[in-house]
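Trainee: Sequence plus the predicted model coming up.
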Amino acid sequence: MSLVNLVRRFAPETIEWLGDVHRLGGWAGGNARWLSGALLGGDYSGSAWRQEGGALADVGPHVFDLLDAALGTVVEVRGAHFVEPDLWNVVLGHDTGATSTATLSMRLPMRPTITEVSVYGEHGYREVVGRATDPSDSFAIAMDRFIELIERNQPGHDLDVRRGLHLARIVDAVRKAS
């Protein structure tokens, strides 16, 4: 039993957005931006793995997860470009035929962090912006779900280790494509 710590997926606003996206369907594409100065100073700037891996290693899996969850399984990295300081621009292809783009950085002087994920298609445009739910609250919800899995002896969750492996493969493909 496992659960990948994709805290945004447990935020009520994200759950509602994904429910709306899935209910409507017909999405041709999407965009995501996660831009911050988190590695320039503050709570996370002293983390060696974050400094080394930057936005791709830290927030990349979260962004790719949301685009994948909204638009269908990411099946290819169509393009990736990296520019210092830690700015990634990525184009993804999904199994539904949709295409999405992601722009990531943790070394830009952005306060507060910009987090936007959107989809567009036959039903217009749907976006989840910012983080209305504090990450610690989302983490608590995730841990409650994990405890429920254990208590009910359920075999797994859609955000299990297989999901983590899928996202790690996307991150690796982005690195190779840049």
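Mentor: That came through, no problem.
Trainee: Give me the helix or strand of the chain that scores worst on average pLDDT.
Mentor: Here the helix or strand of the chain ranked lowest by mean pLDDT, DSSP states H and E is helix 135-151, holding a mean of 88.
Trainee: Show me what that helix is in contact with.
Mentor: Met1, Leu3, Asn5, Leu6, Val7, Arg8, Arg9, Phe10, Ala11, Gln154, Gly156, His157 (C-beta atoms under 8 Å, 6 or more residues apart in numbering). Where C-beta positions appear, they are placed from N, C-alpha and C, glycine not excepted.
Trainee: confidence score at the second one?
Mentor: Translated: Leu3. On pLDDT, Leu3 comes in at 83.
Trainee: Tell me how many other residues crowd the residue lying closest to it once chain neighbours are set aside.
Mentor: Nearest residue to Leu3, sequence neighbours excluded (C-beta to C-beta, 6 or more residues apart in numbering): Phe146, at 4.5 Å. Residue crowding around Phe146 was assessed by other C-beta atoms under 10 Å; the count is 16.
Trainee: How about Phe64: what's its closest non-neighbour residue?
Mentor: In space, Phe64 is closest to Ile170, 4.8 Å off (C-beta to C-beta, 6+ apart).
Trainee: helices or strands next to the helix or strand where that neighbour lies in the packing?
Mentor: Assigned by DSSP states H and E, Ile170 belongs to helix 161-177. Applying 3 or more C-beta pairs under 8 Å, 6 or more residues apart in numbering; DSSP states H and E, one finds that helix 161-177 contacts helix 48-58, helix 60-71, strand 74-83, strand 87-94.
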